[in-house]
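**Student:** Next come a sequence and a model predicted from it.
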Amino acid sequence: MTHRPSNQGPKRSASRPQIRRRALLILGGASAATFVAACGGGGEETGAEQPAPGVFGVGNVSDFPEGSVTVIAEGGFLILHDAAGLYAMSAVCTHQGCTVDVAQQTLPCPCHGSVFDFDGDVVTGPANVPLDHLQLSVEPDGTVVVDSSVTVAASSRAQP
């Protein structure tokens with residue numbers, strides 16, 4: 001009987017340094033993924049985007065009659081018109097960043113139940129900070145302009 005040599009030789013198991021290296025690569029990748037998610041690289045819990053800083057021409061003053069509340073989705077803010085004049089307010093809930101809805105007399109947050117009045121004050125928590133008021137001006141031609149990067153006092157109003 002002849003013995004044929006095997007080309008495969010004895011089976012080798014991975015050495016301890018190779019096993020350790022693979023484990024470190026796997027753990028390192030998992031840690032990096034966790035870091036990215038924690039820093040905002042993952043999905044947002046709230047689904048809302050923060051308002052983009054910048055200047056927005058949002059329409060003519062006639063587009064915002066007294067008593068109206070208009071959502072400007074691209075800027076993440078609202079245009080409101082009360083007896084004192086026009087004003088802009090962030091639509092981003094101060095609790096966890098969801099976009100508030102517009103109801104009959106309030107601005108409810110659909111995520112966790114906070115409710116704001118039309119002046120941005122908290123009516124019901126868990127939010128405990130009012131909505132930011134943003135700089136609004138009316139140009140001589142009647143164009144309403146909002147600078148979402150500038151906050152103003154809640155009493156600030158522009159005359160139409």
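**Tutor:** Arrived safely.
**Student:** Give the helix, strand or coil label for Gly97.
**Tutor:** What DSSP: H, G, I helix; E, B strand; the rest coil gives for Gly97 is coil.
**Student:** Could you check how far the closest residue to Thr151 other than its chain neighbours is from Phe77?
**Tutor:** Using Cβ to Cβ, 6 or more residues apart in numbering and skipping the chain neighbours, the partner closest in space to Thr151 is Asp132 (4.8 Å). Glycine gets a C-beta too; all of them are placed from N, C-alpha and C. Asp132 sits 9 Å away from Phe77, going by Cβ to Cβ, to the nearest Å.
**Student:** related to what we said a few turns ago, and the gap between the residue nearest to Thr151 and Val123?
**Tutor:** Taken as Cβ to Cβ, the span from Asp132 to Val123 is 17 Å.
**Student:** Pro65 now?
**Tutor:** Counting by Cβ to Cβ, the gap from Pro65 to Val123 is 24 Å.
**Student:** and the two? which has more neighbours close in?
**Tutor:** Between Pro65 and Val123, Val123 has the larger neighbour count (other Cβ atoms under 10 Å), namely 13 against 10.
**Student:** wait, what's in contact with the more buried one?
**Tutor:** Val123 makes contact with Thr106, Val115, Phe116, Asp117, according to Cβ atoms under 8 Å, 6 or more residues apart in numbering.
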